[in-house]
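> sequence and predicted structure, then a few things I'm wondering about:
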Amino acid sequence: MDYNQLPPFIRASRIFTENDKIKLAQADRLPTPQEVDEITGLPEIYELLNAFIGDQSSRNTHLQLKAKEYLQDNQVDMAWKVLLI
């Protein structure tokens, strides 16, 4: 993926550094919707999704923060899954 093809919410994010964005852009492929759905049952993801019901802005911020943690561990695929929830 080209850097300019990153979704606007990622390019505009203040949570991600330029290096984070470059890592995301270098992904070989994006996860499928099924792969994204599969992670919603993981305890750390499930808690995030339920903690911010009704507050989409906070939910998105915390999902980006979680994705950043995965990026710091070089788990780019998992970061994408979190971002595509």
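Okay, I see it. Since we're looking at a predicted model, the values are computed, not measured. Numbers count the residues shown, from 1 in each chain.
> contact partners for Trp80?
With contact set as Cβ atoms under 8 Å, 6 or more residues apart in numbering, Trp80 has these partners: 24, 27, 30-31, 67. To be clear about C-beta, it is placed using only N, CA and C from the backbone, and glycine gets the same treatment.
> so which of those residues belong to helices?
In helices, defined here by DSSP state H, the members of these are 24, 67.
> widest-spaced pair of the contacts of Trp80?
Farthest apart among the contacts of Trp80 by Cβ to Cβ are Leu30 and Ala67. That separation is 13.1 Å.
> who has more neighbours, those two?
Ala67 (26 against 15; other Cβ atoms under 10 Å).
> so the more buried one sits against Val82, correct?
Yes. The criterion here is Cβ atoms under 8 Å, and Ala67 meets it with Val82 at 4.3 Å.
> Met1: neighbour count?
Met1: 13 neighbours (other Cβ under 10 Å).
> does the residue lying farthest from the centre of the chain sit in a helix, a strand or a coil?
What lies farthest from the middle of the chain is Gly54; by Cα atoms, centre = their mean that is 19.2 Å. Here Gly54 takes the coil state, with states given by DSSP: H, G, I helix; E, B strand; the rest coil.
> let the chain start at 55 from now.
Okay, residue one is now 55; in that scheme the one you just asked about reads as Gly108.
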